[in-house]
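> Using only what follows, build the 3D model:
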Amino acid sequence: MRDYKSKSPTPTIEDYLGIIYTLHRDGEVVYGARLAELLNVSAPTVTVTLQRMVRDEWILLDEDKKIHLTNSGLAAASSIIRRHMLTEWMLSKILKLPWSEIHEEADKIEHTISGDVEKSLQETLADPTHCPHGNPMPGSEPYSDTWQPLSAFHKDDRVIIRRIHEFLESDHELMKYLENHCALPGSLATIIEVLPFNKTIKLEIAGHDVILGLDVASNIFVQPNNIL
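Numbering: from 1, shown residues only. The predicted model follows:
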């Protein structure tokens, strides 16, 4: 098996590894078609990239074409996700960038962060266990089992927002909407109504009305708040 330290993945391979890691973390079986959907690339492009990743021993494909990380792939995926999350904290805490912009900016920087800089950021930022959007740092899973998708709750329920899933972070307009309406980790929300016929949920957060699609709400994780 190839030693991860002896060969670094390209930025493209790091992107694939990060998504595969996240899907595995969430208990999803990973196939090439799912990667094509999330990366917004063609199926042939994914196939060629996966073949290269098998060759370089980042992943294994079983007889059903399910994708599994090797030990090297897991180490590389953990590193790129950790670098991304630490960069988000740096941009937020040190450079004071808006919460809605840090994911996009971190994407531009993460591939250039060295191991020494990663370690320094980890120490400077007091070894965070999650990113500014509430997603767990590699090694900090599992996150709280009391957190559930917002879409699972009902009218008049009161919840605390804990986590905005990684797959929502790349939607810049959505992130701006959440930030402008105070729908951030740690915010208290009251569910005003759930409308299955048009697939929306309406919340009240800090005096703001927040309307979200149920598909978005299924990727926002919250904790019940029973304190009235």
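
> Every contact and neighbour count from this point should use C-alpha atoms.
OK.

> Identify each buried residue in the lowest-mean-pLDDT helix or strand in the chain, please.
Across the helices and strands of the chain, mean confidence by mean pLDDT, DSSP states H and E is lowest for helix 115-124: a mean of 91. Residues of helix 115-124 classed as buried by neighbour count (16 or more other CA atoms under 10 Å): 118, 121-122.

> Any idea how far that helix is from the middle of the chain?
Distance, stretch centre to chain centre, for helix 115-124: 21 Å (CA atoms, centre = their mean, to the nearest Å).

> quick one: the helix or strand hosting residue 75 to helix 115-124, angle?
For residue 75, the element it lies in under DSSP states H and E is helix 71-89. Here the directions of helix 71-89 and helix 115-124 differ by 50 degrees (axes from the mean of the first three to the mean of the last three CA atoms, to 10 degrees).

> can you map out the helices along this protein?
11-25, 32-39, 43-55, 71-89, 102-109, 115-124, 166-169, 172-180, 214-217 (DSSP state H).

> Check what contacts the longest one and list those residues.
With contact meaning CA atoms under 8 Å, 6 or more residues apart in numbering, helix 71-89 is reached by 1-4, 8-9, 14, 17-18, 21, 57-59, 102-103, 105-107, 109-111, 113, 118, 121-122, 125, 128, 130-132, 137-138.

> And the nearest residue to residue 66 once chain neighbours are set aside, its phi and psi?
Once flanking residues are discounted, residue 66 sits nearest to residue 31: 5.2 Å by CA to CA, 6 or more residues apart in numbering. Note on residue 31: backbone dihedrals following degrees, to the nearest 10 are phi -120, psi 160.

> low-scoring pLDDT stretches of the protein, where are they?
1-6, 142-144, 227-228 (pLDDT under 70).

> Any chance you could list what contacts stretch 116-134?
83, 85-90, 92, 99, 136-137, 140, 162-166, 184-185.

> From the residues you listed, list the buried ones, please.
83, 85-90, 92, 99, 136-137, 162-166, 184-185.

> so what's residue 42 up against?
By CA under 8 Å, 6+ apart, the residues touching residue 42 are residue 36.

> ok, how many other residues are close to residue 131?
21 (other CA atoms under 10 Å).

> my bad, residue 25
14.

> Check residue 66 too.
With other CA under 10 Å as criterion, residue 66 counts 12.

> separation between it and residue 224?
In this structure, residue 66 and residue 224 are 35 Å apart, going by CA to CA, to the nearest Å.

> before we move on, what about residue 68?
When residue 68 is compared with residue 224 (using CA to CA), they lie 34 Å apart.

> These two: who's more crowded?
The neighbour comparison of residue 68 against residue 224 (other CA under 10 Å) goes to residue 68, with 20 against 17.

> who's in contact with that one?
30, 59-62.

> Beta-bridge partners for it, please?
On the basis of DSSP bridges, residue 68 is bridged to residue 60.

> Can you check the distance spanned by stretch 121-129, start to finish?
13 Å.

> for stretch 115-132, same thing?
21 Å.

> now that stretch: how far from the chain's centre is it?
With CA atoms, centre = their mean as the basis, the mean position of stretch 115-132 lies at 17 Å from the chain mean.
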